[in-house]
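[1] The following comprises the amino acid sequence and a computationally predicted model.
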Amino acid sequence: MITWREGEVRELLPGWAGVQVLGVDVGDERVRALGYPDLVGSAAVGDRVLLNVTALERGLGTGGYALVVALPDRPDAWPGRAAGEPGHLVKGRYAPLQPMVLGVDDPEGEHHATLAHADDLDGMPVLATDLHSALPAVLAGVRAQRPRARVAYVMTDGAALPLAWSRTVAGLREAGWLQSTITAGQAFGGDLEAVTVHTALLAARHVVGADLAVVIQGPGNLGTDTRWGFSGVAAGEALNAAAVLGGRPVAGLRVSQADARERHRGLSHHSATSFGRVLAHPADLPVPVLGSDTPPADGADLPSSRSGRTPHTPSPRTGHAPDAPSGHTGRVGDSVALRECLALVYRQARDLVQAAPHLELVKVATEGLPEALAQVPVPLSTMGRGLGDDPAAFLTAAVAGRHAARLVVDPS
């Protein structure tokens with residue numbers, strides 16, 4: 001199950017908040033290693049380190065990193081808990097590196113009285129979507145509609161468990177785009193720690209005072225090319241929680257015009273399952289409408305969303321659309337490919353709503369959103385594709401954010 005290696009730290013590479021990146025010699029090979037100082041301590045050049053290289057050797061999604069498990073020879077670097085430090089929530093339970101944290105609703109904490117009987121979100125909009133990479137685009141849409149909105153990000157535990165792994169969140173916090181981060185379930189490292197998505201949402205409303213909450217798993221989602229075997233099903237469950245607690249659920253669609261995998265082009269099958277099958281309560285389903293365009297009538301000259309054909313097929317060699325830039329940056333153009341993709345998405349979303357009457361299709365104009373996306377303070381990248389490669393993905397996330405912001409209830 002685990003492939004272990006031992007190495008020596010040879011250089012300290014640029015990291016980010018809560019994360020140390022190391023150059024480690026393992027035998028005659030130099031590898032990049034990722035360390036979390038709060039879990040294992042801060043390494044120095046010359047330290048011997050124990051590494052987990054299982055995913056690295058398989059070429060899986062740890063970003064090309066080995067993971068530091070221990071600094072066995074330097075106990076003075078090990079982190080520890082102060083005597084009497086409050087908190088008894090254990091996350092990553094029964095794994096060797098399980099941390100103990102103070103939960104927002106922990107009886108030892110200052111917010112326990114606030115949350116002991118909290119049971120209502122007071123109509124707070126809750127937006128959930130599949131991929132972590134959608135977060136900055138969602139926030140761009142929120143800020144385009146309501147620049148001063150107080151947004152809480154709830155990270156669920158279907159993907160990365162340490163919030164520190166997200167360079168996106170670190171950059172968004174630094175830019176002031178997030179009021180608070182809350183890690184739910186087994187995830188840890190947020191400004192607030194919660195046992196469940198329910199308590200995370202209640203904390204967002206009653207502790208943070210958020211205007212809206214965005215619920216997305218961390219980086220590194222898991223999928224098995226089956227209808228039900230993907231970590232993004234949690235998006236539907238998060239909206240069930242929002243509905244039960246009296247929030248306003250908003251289903252953020254996963255869309256792509258450039259994914260090489262047919263099941264994710266146009267409207268992803270993940271969204272169809274999460275929001276059509278898992279979600280069991282009323283929710284809004286925002287779809288983008290370019291500029292002042294209106295969605296097409298009943299599909300003349302458009303391929304059927306169930307036909308297996310799409311109007312925009314990526315190059316099998318690059319995985320990018322024929323007329324899309326090959327880089328991971330760029331601006332949103334008004335290309336034929338983008339229009340055709342969004343027209344297809346509209347048809348697919350309409351079909352989904354017909355099959356799942358708890359969903360309400362909401363058309364949202366994209367006016368001003370390309371400019372908003374160009375100003376995002378962190379890189380936009382989804383599955384290795386940037387804004388110029390896959391504008392449909394980011395525009396769809398942004399319109400979901402815009403719609404959620406429109407649902408914010410003013411205190412007056």
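    It's in. All values reported here derive from a predicted model rather than from experimental measurement. Numbers count the residues shown, from 1 in each chain.

[2] ranges for the helices of the stretch 101-250 of the chain?
    Residue ranges of the helices in the stretch 101-250 of the chain, as given by DSSP state H, counting those that start in this stretch, are 112-115, 135-145, 167-174, 197-203, 234-244.

[3] now for those, which one comes closest to Gly218?
    Among the helices of the stretch 101-250 of the chain, the nearest to Gly218 by C-beta to C-beta is helix 167-174 (8.4 Å). From N, CA and C alone the C-beta is placed, and that goes for glycine too.

[4] Contacts for the closest one, please.
    For helix 167-174, the external contacting residues (C-beta atoms under 8 Å, 6 or more residues apart in numbering) are 16-18, 132-133, 135-136, 139, 153, 155, 163-164, 178, 181, 219, 377-379.

[5] Indicate which one of the helices of the stretch 101-250 of the chain is closest to Ala283.
    Minimum separation from Ala283 across the helices of the stretch 101-250 of the chain (C-beta to C-beta) falls at helix 234-244, 5.4 Å.

[6] distance between the closest one and the chain's centre?
    15 Å (C-alpha atoms, centre = their mean, to the nearest Å).

[7] now for that helix, which elements pack on it?
    Packing contacts for helix 234-244, counted by 3 or more C-beta pairs under 8 Å, 6 or more residues apart in numbering; DSSP states H and E, involve strand 125-128, strand 151-156, helix 197-203, strand 212-217, strand 248-251.

[8] Low-confidence ranges, this protein, go.
    The chain contains residues with pLDDT under 70 at 61-63, 260, 262-264, 292-334, 411-412.

[9] Can you check which strand is longest in it?
    When the chain is parsed with DSSP state E, its longest strand is strand 4-16.

[10] Counting by contacts, list what that strand packs against.
    Applying 3+ C-beta pairs under 8 Å, 6+ apart, one finds that strand 4-16 contacts strand 19-26, strand 29-35, strand 48-52, strand 66-70.

[11] Given it, what are its sheet partners and their directions?
    If you go by DSSP bridges, strand 4-16 pairs up with strand 19-26 (antiparallel), strand 48-52 (antiparallel).

[12] What residues does the residue nearest to the spatial centre of the chain make contact with?
    When C-alpha atoms, centre = their mean is applied to the chain, the residue found nearest the centroid is His132 (1.9 Å). By C-beta under 8 Å, 6+ apart, the contact list for His132 reads Ala159, Ala160, Ser166, Thr168, Ile216, Gln217, Gly218, Pro219, Gly220, Asn221.

[13] which phi and psi does the closest residue in space to it that isn't next to it in sequence have?
    Nearest residue to His132, sequence neighbours excluded (C-beta to C-beta, 6 or more residues apart in numbering): Pro219, at 4.7 Å. Here is the backbone geometry of Pro219 (degrees, to the nearest 10): phi -60, psi 150.

[14] now swap in Leu222 and tell me
    Dihedral pair for Leu222: phi -120, psi 140, per degrees, to the nearest 10.

[15] ok, which stretches of the stretch 201-350 of the chain are strands?
    212-217, 248-251, 255-256, 266-267, 283-289 (DSSP state E, counting those that start in this stretch).
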